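> sequence below, structure please.
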Amino acid sequence: MGLLDFRDVHKSYELYKLKSNPFPHAGTPDEGELLYVDRERELKIIEDVIKSALRGHSSHLLIIGNYGNGKTHTLRYIKQQLELQRDDVMVVYISNPGDSFTALYSRFFHALGLKTVESLIWLFLEKISKVSNLEEKVHNGKTLLPELLKRAVEKICDIMDYEDFATTLLKLILDDYKLLSWRYITGEPLSSEQRKVLDVISNIDSDDKALRAFISFKRFVHFLGFKLVCILIDEFESVQTLHPRARQRLLNGIRHIIDLSPTGLCLIIACSPEAWSSIFSEYHAFSERIFRRVILRPLTKDEAYMFIASYLSHQRTQHNHDDINAIYPFTEDAIELIYRASEGNVRRLLMICNQAIDAGLNRGCPILDADVLRRILPDIFIEYRRRYHGK
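You can find the predicted model right below:
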């Protein structure tokens, strides 16, 4: 047998009364298992901004934090909670703004997804036809789709005021046009022959067209009953890598979205403090439109303790674990060591805990105290001692 053994990929975490390793390997939690530490003040500001937008007037927010302090975690938590609590809010998470407003527009639709947009078209057709379960009835031959689409075209064009975009959107539910329509909607350039198939004049290939398409789509979803479109943009600091002219065009595009959406829009941007300081000083026309801000600082020691305990509790093998210490298999001095080594940085804290659980299990360590952690994870904690204790 070779030095690498991939035969047994299953691992039991029963030694630690866990179903699996509760801490994400890369320090970024899965969307389905988001846990959030009790940052009451920050969450209250976020809640107020979104509630203000829901009441009518658009409201926007900036989340500032250094790498690993929880910006991505916070955006995903907002998305999760909005989807759980509201069915009249369209919330879209975009991992990176891209290098132009057209790219941001494209990422919005890709993040929303073809299936979701298709479902919106069926909802629209049900609304104007007053027929429930319409998709099923069309597939069963009880309702004729061509007749319905004839009536739908005029209505959707009135709502959107962008005929090429509106009519192509309707074609998403037609199998013969679906993929080509999706490529057009998401801003992919189509040849003249492909555009003839869709009966459209030009591609969505400029910031002005992308802006027009987005505003048209926003009108469409409001017609369907959505009170709010909430867009969460992560890694906004990446705009600093763009050429100044490209950066200004992107920021101007976002500014125009804000200006053209006095109601029904909530834009939440996550950015590093250094990048935002530069944007704020150089692009007042954009930065002045983001009225509220939240600063994500490193966790306190008590917050780190609660954070670790929450993740462990989420994966306990027994529901009634009152007899188990909340941080088991860690000890108090282990949490202290992990906290100091991570400096309260959420991402580093999660990564250290992930490695500690697996390394401890591989060594058969029943308890993970500070001495054990130094022994099983020397690369992490020896480096920490060198940095802060000169040893």
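> need the contact list for the one residue sitting closest to the centre of the chain.
The residue lying closest to the centre of the chain (Cα atoms, centre = their mean) is residue 93, at 3.3 Å. Counting by Cβ atoms under 8 Å, 6 or more residues apart in numbering, residue 93 touches 75-76, 79, 111, 232, 234. (Glycine included, C-beta is placed from N, CA and C.)
> and the closest residue to residue 260 other than its chain neighbours, how many neighbours does it have?
Take residue 260 and drop its neighbours on the chain: the residue closest to it by Cβ to Cβ, 6 or more residues apart in numbering is residue 215, 5.4 Å away. Each residue near residue 215 was counted by other Cβ atoms under 10 Å, and the total is 18.
> tell me the SS of residue 215?
Following DSSP: H, G, I helix; E, B strand; the rest coil, we place residue 215 in the helix state.
> you'd agree it is up against residue 262?
No: counting by Cβ atoms under 8 Å, residue 215 stays clear of residue 262, with 11.7 Å between them.
> ok so, going back, out of the contacts of residue 93, which end up buried?
Listed as buried from the contacts of residue 93 are 75-76, 79, 232, 234; burial here means 16 or more other Cβ atoms under 10 Å.
> returning to that earlier point: return the distance of the residue nearest to residue 260 relative to residue 252.
For residue 215, the distance to residue 252 equals 15 Å [Cβ to Cβ, to the nearest Å].
> would you confirm that residue 265 contacts residue 53?
Yes: counting by Cβ under 8 Å, residue 265 does reach residue 53; the two are 6.9 Å apart.
> what's the overlap in contacts for these two?
With Cβ under 8 Å, 6+ apart as the test, residue 265 and residue 53 both reach 228, 230.
> wait, what's in contact with residue 103?
Shown in contact with residue 103 (Cβ under 8 Å, 6+ apart): 97, 187.
> same thing with residue 261?
By Cβ under 8 Å, 6+ apart, the contact list for residue 261 reads 58, 215, 218.
> the first one - how many residues pack around it?
When neighbours are defined as other Cβ under 10 Å, residue 58 has 20 of them.
> strands along the stretch 51-200 of the chain, start to end?
According to DSSP state E, counting those that start in this stretch, the stretch 51-200 of the chain carries its strands in the segments 61-65, 89-94.
> more neighbours, residue 265 and residue 53?
residue 53 (25 against 21).
> quick one: the helices in the stretch 101-250 of the chain?
Under the criterion DSSP state H, counting those that start in this stretch, the stretch 101-250 of the chain contains helices at 101-112, 114-129, 134-139, 145-160, 163-170, 178-185, 192-198, 207-223, 244-259.
> can you lay out the ones you listed as JSON lines showing mean pLDDT?
Shown next, in JSON lines, are those (pLDDT from 0 to 100):
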{"stretch": "helix 101-112", "mean pLDDT": "97"}
{"stretch": "helix 114-129", "mean pLDDT": "95"}
{"stretch": "helix 134-139", "mean pLDDT": "82"}
{"stretch": "helix 145-160", "mean pLDDT": "89"}
{"stretch": "helix 163-170", "mean pLDDT": "95"}
{"stretch": "helix 178-185", "mean pLDDT": "97"}
{"stretch": "helix 192-198", "mean pLDDT": "96"}
{"stretch": "helix 207-223", "mean pLDDT": "97"}
{"stretch": "helix 244-259", "mean pLDDT": "96"}
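> figure out which of the ones you listed is closest to residue 305.
helix 101-112 (34.5 Å; Cβ to Cβ).
> what are the buried residues along the closest one?
Going by neighbour count (16+ other Cβ under 10 Å), the buried part of helix 101-112 is 101-109, 112.
> closest one to residue 207 out of those residues, please.
Proximity of the buried residues of helix 101-112 to residue 207 was ranked by Cβ to Cβ; the top entry is residue 101 with 4.3 Å.
> what are the phi and psi values at residue 296?
Main-chain dihedrals, residue 296, degrees, to the nearest 10: phi -90, psi 110.
> ok, it to residue 263 distance?
Counting by Cβ to Cβ, the separation of residue 296 from residue 263 is 28 Å.
> the two: which is more packed in?
For residue 296 versus residue 263, the count of surrounding residues by other Cβ under 10 Å is larger for residue 296: 20 against 13.
> got the buried residues for stretch 18-27?
18, 21-24, 27.
> just stretch 342-358 next, same as before
Using 16+ other Cβ under 10 Å as the test for burial, stretch 342-358 gives 342, 344-358.
> show me where pLDDT drops low in the chain?
1-10, 26-38, 318-323, 383-391 (pLDDT under 70).
> try it again with 80
Applying pLDDT under 80 to the chain flags residues 1-11, 25-39, 139-144, 318-324, 382-391.
> any idea how far residue 185 lies from residue 270?
Using Cβ to Cβ, residue 185 is found at 26 Å from residue 270.
> between the two, who's got more neighbours?
Using other Cβ under 10 Å as the criterion, residue 185 and residue 270 rank with residue 270 on top: 24 against 21.
> secondary structure element holding the more buried one?
Per DSSP states H and E, residue 270 falls inside strand 265-271.
> after that strand, which helix or strand is next?
Later in the chain than strand 265-271, the nearest helix or strand by DSSP H and E is helix 273-282.
> how far off strand 61-65 does that next one point, in degrees?
Using axes from the mean of the first three to the mean of the last three Cα atoms, to 10 degrees, the inter-axis angle of helix 273-282 relative to strand 61-65 is 130 degrees.
> flag every buried residue along helix 273-282.
For helix 273-282, burial by neighbour count (16+ other Cβ under 10 Å) applies to 275-276, 279.
> related to what we said a few turns ago, mind listing residues that contact the strand holding residue 270?
Contacts for strand 265-271 (Cβ under 8 Å, 6+ apart): 46, 49-50, 53, 58-65, 71-72, 74-75, 78, 218, 228-237, 254, 257-258, 279, 290.
> and the angle from it to strand 89-94?
Interaxial angle, strand 265-271 versus strand 89-94 (the same axes, to 10 degrees): 30 degrees.
> CA atoms of strand 265-271 as PDB?
C-alpha atoms of strand 265-271 as PDB (Å, rounded to 0.1, in the frame of the first residue of the first chain):
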ATOM      1  CA  LEU A 265     -34.600  48.600  -2.700                       C
ATOM      2  CA  CYS A 266     -32.100  47.800   0.000                       C
ATOM      3  CA  LEU A 267     -28.400  47.600  -0.900                       C
ATOM      4  CA  ILE A 268     -26.000  46.100   1.700                       C
ATOM      5  CA  ILE A 269     -22.300  46.300   0.800                       C
ATOM      6  CA  ALA A 270     -19.500  44.600   2.700                       C
ATOM      7  CA  CYS A 271     -16.100  46.200   2.400                       C
END
